[in-house]
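Engineer: Would you be able to build a 3D model of this:
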Amino acid sequence: MSADQIAAVVVARNGGPETLEVQQRPRPRPAPGQVVIDVAASGVNFIDVYRRQGVYPVPTPFVLGMECAGRVSAVGADVTDVSVGDVVATADAGAGSHAEAVAVDAGRVVPVPDAVPVEVAAAAMLQGLTAHYLTRSTFRVQDGQWALVHAAAGGVGQLLVQLCRSAGAHVVATVGSAEKAQIAHDLGADAVVRYDEIDDLAAAVRAAAGGGVHVAYDGVGKATFDASLAALRPRGMLVLFGGASGQVPPFDLQRLNAGGSLFVTRPTIVHYTADRQELLWRAGELFDAIGGGSLHVAIGGRYPMARAADAYRDLESRRSTGKLLIVPE
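Structural biologist: Just a heads-up that it's a prediction; the model follows:
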């Protein structure tokens, strides 16, 4: 491969993981206000699934991936706070992070402190910032409250459990296997409910929480939405932040009244990191917790670009625990 070419994972057409191809692309050059990151690792996320499927429309072909970390190899004009050689991370690599190098707006990168390994930074950005805004802003969990965390052994789920517990909240975690149940227990969940062992998920959650939860963090979507709503206490909030099992269909808003003046919100990270100072605050708190040892980021698997389709199959089948990474060869 020439120095002017890089390898990248490309979505050739919308569809399943089989649509992914490793292709050669021109090495990116920074436009004004951009930096080029030589990617050490990039994260595998459900937002990438939605983009690949066409749920979030992006013209094909395009390089997949939103999140990465690595060392800056070039800076464009007008960039003042990032330098060549800096180790940085981003949750918003607009040009596609599953590549050997990517050009990113300098305002969307954050510095990675020495105490945080670069692969951990890549693993933490999108899911870590998501867990931060969900627990600190969308519904700010308080000491003594009860929170429901679905898919608690997954990447976001593990971080949600830890951040809720660090705020003094109690956690009911839901998982689908004995192995995942042990992970949730080890992270500090007060109660763990197995999807595969019960018929009435909402009733099990309400019983574990002594009458219901104040907030339900639901990234599973279609398969758990009704149970999440039914598990809430009066005036509780369902925070729907993803659709791993499919998108939630329209529903009758009167259900919120009948359930006890409930709230439902569908947040996205874009609106919680649009301001650079807010982005730096969230990333700073996240990396401080990781570097200080109070927040553990589990890396569940590393895949070369040639096996990117396998990484997404593992993510979408829920076979994985922790965060999956694509690592350039």
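
Engineer: make it CA atoms for all contacts and neighbour counts henceforth
Structural biologist: Fine.

Engineer: ok, now which ones touch A311?
Structural biologist: Neighbouring residues of A311 by CA atoms under 8 Å, 6 or more residues apart in numbering: 44, 303, 324-326.

Engineer: Kindly state the pLDDT recorded for it?
Structural biologist: Looking at A311, its pLDDT is 96.

Engineer: Report the two of the contacts of A311 separated the most.
Structural biologist: Across the contacts of A311, the longest distance by CA to CA is 9.9 Å; it joins V44 and Y303.

Engineer: Let me know whether my guess that E278 is in a helix holds.
Structural biologist: Yes - assessed by DSSP: H, G, I helix; E, B strand; the rest coil, E278 belongs to a helix.

Engineer: Hmm, H271 and it touching each other?
Structural biologist: No - look at E278 against H271 with CA atoms under 8 Å: they stay out of range, at 10.2 Å.

Engineer: The two: which has the busier surroundings?
Structural biologist: Neighbours were counted for E278 and for H271 using other CA atoms under 10 Å; E278 has more, 12 against 9.

Engineer: of all the contacts of A311, which comes closest to F225?
Structural biologist: Using CA to CA, V44 is the member of the contacts of A311 that lies nearest F225, at 23.5 Å.

Engineer: ok, now which ones touch that closest one?
Structural biologist: V44 touches 65, 67, 311-312, 315, 323-326, counting by CA under 8 Å, 6+ apart.

Engineer: Look up how far V11 lies from it.
Structural biologist: Here V44 is placed at a distance of 14 Å from V11 (CA to CA, to the nearest Å).

Engineer: again with L187
Structural biologist: 36 Å.

Engineer: And A208, by the same measure?
Structural biologist: With the distance defined as CA to CA, A208 ends up 43 Å from V11.

Engineer: Between the two, tell me which one has more neighbours.
Structural biologist: The neighbour comparison of A208 against V11 (other CA under 10 Å) goes to V11, with 25 against 19.

Engineer: Give me the nearest residue to that one, chain neighbours excluded.
Structural biologist: Nearest residue to V11 in three dimensions, chain neighbours excluded: L20, at 4.9 Å (CA to CA, 6 or more residues apart in numbering).
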